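> No sequence on hand, only this structure:
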């Protein structure tokens, strides 16, 4: 079967946005890994706990977005594809005024509630109240400013310049890390960290304004461009994302509450360990697929549905190629990995990690479909699958945690994730009228040989080499990936278009600026 040709400029945009998103993810993970222990050591557990509580206010304020920024990405991508800068102007100004109003309301609400939260909910020692009020007040203002800056970030994403957005985000992360060390070495403590956040946010906001003025000279920020019909469209589209965000926010805290209430705090720890190892992987695959959303919006606006179908086939294949080995390694090495990281006695965490990793592997294969339906104006389908995932997880957890225990809760959560992903694939293929077999049969018929060989080899190694140290674990992982890559190459997973693309990425061929990218 021959895919519809993919325009090379579109491929370039997706690759540029994807690589920059992965770079941003990698830098954030590295800095968090390096800076967090340092901050904990400098502040101590009590003050570090106060700093961690700022996340409560950040989460509340981010929810005031109501999905407007994500909706703006789609509308900007559509109007840009249709060469209608006036519509972009109207959409951006409308979103900006809405988020300024929402940000002001929720900011005042948080400021009014912070005293009650400090004294009654957080129950901080009275000696910490003055410092906590200063820190929380500053971070509330910072979070409100970041909410407003989300409009400009959405504008860049809609213009398919995620590389610029990610570059500014990486600058923000780097400056924050350096400033954190300087502030704590100088002895400014929590107040210094709070003021650091404020100054860096203001600086990055100024850079966003300068960059957008250069990249989008036709954009004029003025209240006269506010349009009520644009506001309705942004709210209507964005509410789908708001529901999805709420589902994500509900599941994890509820699981912890149920484990604490019906089992014990030990099981909360088991769950948290598995979750902390799995969360970066979930974020990684979201970063890999993120560029599909504005690309699909552009294709939907220009009615290139055959190109969109080809884009879906390709993106699923590439995500499958990356997801199979990573999640398989996590499943195979879960127990020795957790033992080396935390210590012995956490078998329950390893089992939970294995079950959830298998479910999120299925979810990774459905990610392109979820992003594409959002891009073509059907976010209600993604919202529906998210609600199904949440409903299965919540009802199942409530029913099984008292009957089956820890593994019942983990199992039903895994079922919810995998079931939601399968539902998303079924809905997507009904919408775009592509038989599922056309997308997944080539993946699975080619996948089994080149995943079985390294998997069996690793199982044999793990059986005869115990206990494992860190270097042995790294060598096994690298060996697995190398054998996997060789098998994939030799057993025909990559076609002519794949090899051509890899050659261009490695500078073995000149990078084309025009034309198409065709696959067999």
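Nice, thanks for sending it over. For clarity, every value in this text was computed on a predicted model and none was experimentally measured.

> can you give me the helices for the stretch 201-350 of the chain?
According to DSSP state H, counting those that start in this stretch, the stretch 201-350 of the chain carries its helices in the segments 228-258, 265-289, 292-301, 305-341, 347-375.

> Which pLDDT value belongs to residue 506?
We have a pLDDT of 55 for residue 506.

> right, and the helices of the stretch 201-350 of the chain - which one's nearest residue 478?
helix 305-341 (10.2 Å; C-beta to C-beta). Every C-beta, even on glycine, is put in place using the N, C-alpha and C of the backbone.

> Tell me what angle the closest one forms with helix 347-375.
160 degrees (axes from the mean of the first three to the mean of the last three C-alpha atoms, to 10 degrees).

> Any buried residues in helix 305-341, and which?
For helix 305-341, burial by neighbour count (16 or more other C-beta atoms under 10 Å) applies to 307-321, 323-340.

> Out of the helices of the stretch 201-350 of the chain, which is closest to residue 170?
helix 265-289 (12.5 Å).

> what's the offset of the closest one from the middle of its chain?
Taking C-alpha atoms, centre = their mean, to the nearest Å, the mean C-alpha location of helix 265-289 is offset from the chain mean by 12 Å.

> residues making contact with that helix?
18, 21-22, 24-25, 29, 252, 255-256, 259-260, 315, 319, 322-323, 326-327, 330, 337-338, 341-342, 346, 348-350, 352-353, 356-357, 360, 363-364, 367-368, 371, 406, 409-410 (C-beta atoms under 8 Å, 6 or more residues apart in numbering).

> Disregarding residues adjacent in the polypeptide, which is nearest to residue 181?
residue 38 (7.0 Å; C-beta to C-beta, 6 or more residues apart in numbering).

> Could you give the number of residues near the residue nearest to residue 363 when sequence neighbours are not counted?
What sits nearest to residue 363 in space, not counting adjacent residues and going by C-beta to C-beta, 6+ apart, is residue 421, at 4.3 Å. By the criterion of other C-beta atoms under 10 Å, residue 421 has 23 neighbours.

> so how far is the helix ranked longest in the chain off the chain centroid?
Secondary structure assigned by DSSP state H gives helix 8-52 as the longest helix of the chain. Mean-position distance between helix 8-52 and its chain equals 12 Å (C-alpha atoms, centre = their mean).

> any idea of the mean pLDDT for it?
78.

> swap in stretch 96-106?
Mean pLDDT, computed over stretch 96-106, is 92.

> in it, what counts as buried?
Going by neighbour count (16+ other C-beta under 10 Å), the buried part of stretch 96-106 is 96, 97, 98, 99, 102, 103, 106.

> ok, the first one - contacts?
Contact criterion C-beta under 8 Å, 6+ apart gives 148, 151, 221 as the residues in contact with residue 96.

> how about the residue nearest to residue 363, secondary structure?
What DSSP: H, G, I helix; E, B strand; the rest coil gives for residue 421 is helix.

> What count of nearby residues applies to residue 23?
So residue 23, with other C-beta under 10 Å, has 16 neighbours.

> And the pLDDT at residue 511?
pLDDT at residue 511 comes out at 42.

> tell me what the longest helix of the chain is packed against?
helix 129-158, helix 162-185, helix 189-215, helix 265-289, helix 292-301, helix 305-341, strand 516-517 (3 or more C-beta pairs under 8 Å, 6 or more residues apart in numbering; DSSP states H and E).

> Could you look up the next helix or strand downstream of it?
For helix 8-52, the following helix or strand on the C-terminal side (DSSP states H and E) is helix 54-63.

> what's the angle between that next one and helix 228-258?
Here helix 54-63 runs at an angle of 150 degrees relative to helix 228-258 (the same axes, to 10 degrees).

> Contacts made by the next helix or strand after helix 54-63 with the rest, please.
Later in the chain than helix 54-63, the nearest helix or strand by DSSP H and E is helix 68-81. Applying C-beta under 8 Å, 6+ apart, the external contacts of helix 68-81 come out as 85, 87-88, 91-92, 95, 98-99, 102, 150-151, 153-155, 157-160, 230, 233-235, 237-238, 241, 293-295, 297-298, 300-302, 374-375, 377.

> on that earlier part again, now do the longest helix of the chain and helix 292-301, the angle between them.
140 degrees.

> surely residue 247 meets residue 389?
Yes: using C-beta atoms under 8 Å, residue 247 is in contact with residue 389, at 6.8 Å.

> neighbour-wise, which of these two wins?
A count of neighbours by other C-beta under 10 Å puts residue 389 above the other of residue 247 and residue 389, at 26 against 21.

> returning to that earlier point: and the helices and strands packed on helix 8-52 as CSV, adding mean pLDDT?
Below are the helices and strands packed on helix 8-52 laid out as CSV (pLDDT from 0 to 100):
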stretch, mean pLDDT
helix 129-158, 90
helix 162-185, 90
helix 189-215, 91
helix 265-289, 81
helix 292-301, 80
helix 305-341, 82
strand 516-517, 44
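
> just those: most buried one?
The highest mean neighbour count among the helices and strands packed on helix 8-52, using mean count of other C-beta atoms under 10 Å, belongs to helix 292-301: a mean of 24.

> Would you mind getting the angle between it and helix 162-185?
Using the same axes, to 10 degrees: helix 292-301 against helix 162-185 is 160 degrees.

> Please list the outside residues in contact with helix 292-301.
Contacts of helix 292-301 (C-beta under 8 Å, 6+ apart): 10, 13-14, 17, 73-82, 157-160, 162, 305, 307-308, 311, 315, 368, 371-372, 374-377.

> Which of the residues you listed are buried? Put it as a ChimeraX command.
To isolate the buried members of the contacts of helix 292-301 in ChimeraX, using 16+ other C-beta under 10 Å:
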select :10,13,14,17,73,74,75,76,77,78,79,80,81,157,158,159,160,162,307,308,311,315,368,371,372,374,375,376
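
> Name the nearest residue to residue 197, ignoring sequence neighbours.
Residue 197 sits nearest to residue 142 (C-beta to C-beta, 6+ apart), 4.8 Å away.

> can you check residue 136 too?
residue 114 (4.9 Å).

> helix/strand/coil for that neighbour?
Of the three states, residue 114 takes helix under three-state DSSP.

> Going by neighbour count, list what's buried in the strand or helix carrying residue 381.
In the assignment (DSSP H and E), residue 381 maps to helix 379-400. Residues of helix 379-400 classed as buried under the neighbour-count rule (16+ other C-beta under 10 Å) are 379-390, 392-394, 396-397, 400.

> can you check stretch 243-255 too?
Result for stretch 243-255 [16+ other C-beta under 10 Å]: buried residues 243, 244, 245, 247, 251, 254, 255.

> can you tell me how far the last one sits from residue 423?
From residue 255 over to residue 423 the distance is 21 Å, taken as C-beta to C-beta, to the nearest Å.
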